[in-house]
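Asker: Pasting the sequence and the predicted model now:
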Amino acid sequence: MATTTKRYVHLYTESVPNPNSLKFAVNFMLMPEGLDLDFASSAEAEGKSPLASTIFGHEGVERVFLMSNFITITKQANLDWSDLIPSLKTLIKDYLEREEPILASLTVSQLAEAAQQNQDTTADSEIVGQIKKVLDEYVRPAVESDGGAISFRSFEEGVVRVELRGSCSGCPSSTITLRDGIQRLLTNMVPGVVGVVAEGV
């Protein structure tokens, strides 16, 4: 009788600054390098990510963020992680062991197209290129370690607009991080930058 071999899944949690969010990291890549998806509701995930839709089916889940080798889950504020972690870990581990799809096929092609557009920096001004370089080298790794993601949106009249996703959305410390961290870094390192405004906070 043939036996089916399950994929080996090592799943562990990591705390992030947002007390209502938690990183669930695994031992392999879930998303293409440098790409992420942030779902603020089950309706947003429907038809795009079967994995996210499955997680939204769990009690108390408010937001699901997928990136590289981790999933950041944001829970309802009135619930305790100690009550949710065991069943969420079982849900995710079982799903990944069965090698069920992470993304819908259409989502994969849309992400690839978006990545191609983001890589086209030929039209960037020198200052925008400097801003993106600082964000990529200094800011993005720190934001990712906190279970989130940051993207450059625009630069006008000295103000940089960025988008924060994942655990950064609705995090009480995001405003402080933005003001004391990202804004200070950009104003010190890129002449012409006077402020930073974030979407998604």
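Answerer: That came through fine.
Asker: Helix or strand: which one has residue 128?
Answerer: Using DSSP states H and E, the element containing residue 128 is helix 126-134.
Asker: so after that helix, what's the next helix or strand?
Answerer: According to DSSP H and E, the helix or strand after helix 126-134 is helix 140-145.
Asker: Can you list the buried residues in whichever helix or strand comes after that next one?
Answerer: Next along the chain after helix 140-145, taking DSSP H and E as the criterion, comes strand 148-156. Buried residues in strand 148-156, counted by 16 or more other C-beta atoms under 10 Å: 148-152, 155. From N, CA and C alone the C-beta is placed, and that goes for glycine too.
Asker: hang on, residue 14 packs against residue 25?
Answerer: Yes. Counting by C-beta atoms under 8 Å, residue 14 touches residue 25, with 6.0 Å between them.
Asker: Give me the common contacts of these two.
Answerer: Common neighbours of residue 14 and residue 25, using C-beta atoms under 8 Å, 6 or more residues apart in numbering, are residue 70.
Asker: Buried residues, the helix or strand in which residue 90 is found. List them.
Answerer: Per DSSP H and E: residue 90 is located in helix 81-97. Using 16+ other C-beta under 10 Å as the test for burial, helix 81-97 gives 81, 84, 88, 91-93, 95-96.
Asker: Run the angle between the helix holding residue 128 and strand 148-156 for me.
Answerer: Going by axes from the mean of the first three to the mean of the last three C-alpha atoms, to 10 degrees, helix 126-134 is angled at 170 degrees with respect to strand 148-156.
Asker: Name the residues of helix 126-134 that come out as buried.
Answerer: Buried residues in helix 126-134, defined by neighbour count with 16+ other C-beta under 10 Å: 128, 130-132, 134.
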